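J.: coords please:
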Amino acid sequence: MDLILAKILTAIFLFVLTLIFSFIPYFIVVKGSRSATAIQRRQWILGHLNCFAGGVFLATFLCHILAEGGEEFEDYKTKADIDMDFPLFNVFVATGFFIVAFIELIGHKYMTSEDGNIQETQSAYAPLRAGANNAGYGATSGRDGDVTEQAAHDNDEAHVGHSHVPKPDGFRAFLLLIALSFHTIFDGLAVGLQESDSEVWAVFAAITIHKSIISFCIGLEIFQSSRDKILQAVIWLVIFAIMSPVGIVAGIGVTSGSTNELARLLISSILQGIAGGTFMYVTFLEILNLHIGHHGQRNVFHVIWALVGFAGMAATKLFDKD
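T.: So this is what the prediction gives:
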């Protein structure tokens with residue numbers, strides 16, 4: 001098979017695959033029954049799925065983004081003949097972390113000033129406006145009792161309405177989308193840079209495994225934070241699905257042109273580092289903190305599901321081919 005054709009086919013397959021897996025949560029989060037029993041059951045399922053997703057994102061940060069970005073930066077230093085012991089790549093990661101921290105701070109202050117009823121002691125996940133009608137979805141139920149959409153609105157003291165509800169504007173999901181978009185561009189780039197069609201399909205097969213898991217998890221986050229903004233969720237997920245094909249096309253351009261290899265490695269490692277910092281913030285301070293150890297919402301099964309998600313995603317690293 002022609003090399004260019006193989007790369008184009010993998011770009012199409014990755015786009016379709018990403019859309020399919022990222023839209024599966026739509027039928028769980030949005031199209032499910034609205035009865036009180038069904039809502040309670042869905043909360044239980046989504047609570048465990050969120051912990052699984054947290055484990056997946058943790059493995060993506062530690063085993064993929066951090067490892068691959070660090071390798072690229074070391075490769076850059078070797079080829080540029082730079083002898084430096086200072087962990088500069090970790091500084092790139094910290095830069096991404098603090099960028100998100102400042103954005104989070106500014107965004108929270110802005111939303112607080114919008115509504116005089118919002119207190120500084122509230123979780124950043126508290127409903128910030130009347131339209132936050134996805135309270136309780138995708139979260140672990142903070143207490144027993146009636147689980148209805150109205151109760152989630154009315155009970156301002158319940159943990160369900162505070163610490164576990166995604167931000168109404170989907171800030172957390174948007175951060176994940178941005179970080180994962182950077183990462184998936186580099187996944188696509190790995191395909192586009194291959195020199196033979198057999199290598200293209202081998203790398204594609206490896207990427208497909210973790211891409212499917214990641215797509216499901218990001219779809220889960222997006223639809224939970226945008227239950228009342230389905231069009232916005234669809235647009236975000238389509239953009240996310242396009243990122244791998246963009247990387248493949250970029251890889252085709254690199255192998256077909258005279259792009260400076262050193263510049264590519266440096267830019268790639270910097271962007272991977274910043275994306276890694278974004279991932280670190282969202283994974284540790286938002287998802288895992290809120291679903292495993294926040295406000296006493298500790299459940300051994302939540303930890304187990306996070307471990308399963310981590311192990312599954314980490315295992316995909318065994319299939320990586322450079």
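J.: can you map out the strands along the stretch 101-250 of the chain?
T.: Here the stretch 101-250 of the chain has no strands by DSSP state E, counting those that start in this stretch.
J.: any low-confidence regions in it?
T.: 107-172 (pLDDT under 70).
J.: which stretches in it count as helices?
T.: Shown for the stretch 101-250 of the chain, the helices assigned by DSSP state H, counting those that start in this stretch span residues 149-154, 171-192, 197-225, 230-256.
J.: can I get those helices in CSV including distance to L285?
T.: Any C-beta I mention is one placed from the backbone N, CA and C, and that applies to glycine too. Below are the helices of the stretch 101-250 of the chain laid out as CSV (distance: least, CB to CB, whole Å):
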stretch, distance to L285
helix 149-154, 24
helix 171-192, 10
helix 197-225, 15
helix 230-256, 21
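J.: any idea which of these gets closest to Y26?
T.: Taking CB to CB, helix 197-225 is the member of the helices of the stretch 101-250 of the chain nearest to Y26, at 5.4 Å.
J.: give me the helices and strands touching the closest one, please.
T.: helix 3-29, helix 36-59, helix 171-192, helix 230-256, helix 300-315 (3 or more CB pairs under 8 Å, 6 or more residues apart in numbering; DSSP states H and E).
J.: can you give me the angle the shortest one makes with helix 197-225?
T.: What that stands for is helix 300-315. When axes from the mean of the first three to the mean of the last three CA atoms, to 10 degrees is applied, the directions of helix 300-315 and helix 197-225 differ by 160 degrees.
J.: outside of helix 300-315, which residues touch it?
T.: 47-49, 51-60, 62-64, 140, 210, 213-214, 217, 288, 291-292 (CB atoms under 8 Å, 6 or more residues apart in numbering).
J.: try 10 Å
T.: 44, 47-64, 140, 209-210, 213-214, 217, 287-288, 291-293, 299 (CB atoms under 10 Å, 6 or more residues apart in numbering).
J.: out of those, which are buried?
T.: 47-64, 140, 209-210, 213-214, 217, 287-288, 291-292 (16 or more other CB atoms under 10 Å).
J.: so which of the helices of the stretch 101-250 of the chain comes closest to G277?
T.: Using CB to CB as the measure, helix 171-192 is the one of the helices of the stretch 101-250 of the chain that comes nearest G277, at 8.6 Å.
J.: so which elements touch the closest one?
T.: Under the contact criterion of 3 or more CB pairs under 10 Å, 6 or more residues apart in numbering; DSSP states H and E, helix 171-192 touches helix 3-29, helix 36-59, helix 66-79, helix 88-114, helix 197-225, helix 230-256, helix 261-280.
J.: about what we covered before: any idea which of the helices of the stretch 101-250 of the chain gets closest to L105?
T.: Nearest of the helices of the stretch 101-250 of the chain (CB to CB): helix 171-192, 11.7 Å.
J.: host element of M84?
T.: Using DSSP states H and E, M84 sits in no helix or strand.
J.: got phi/psi on it?
T.: Taking degrees, to the nearest 10, you get phi -140, psi 130 for the backbone angles of M84.
J.: surely E72 touches E261?
T.: No - counting by CB atoms under 10 Å, E72 does not reach E261; the two are 11.1 Å apart.
J.: neighbour count winner among these two?
T.: Shown here are E72 and E261; by other CB atoms under 10 Å, E72 has more neighbours (22 against 13).
J.: pLDDT score for that one?
T.: Looking at E72, its pLDDT stands at 86.
J.: now do it against D85, distance only.
T.: 18 Å (CB to CB, to the nearest Å).
J.: and if you look at L62?
T.: Per CB to CB, L62 is found 22 Å from D85.
J.: next one: G312
T.: Computed as CB to CB, the G312 to D85 distance reads 35 Å.
J.: cool, K229 as well?
T.: 48 Å.
J.: of these two, who's got more company?
T.: Remark: of K229 and D85, K229 carries more neighbours, 18 against 5, as counted by other CB under 10 Å.
J.: isn't L177 right up against W236?
T.: Yes - contact criterion CB under 10 Å: L177 and W236 qualify, at 5.6 Å.
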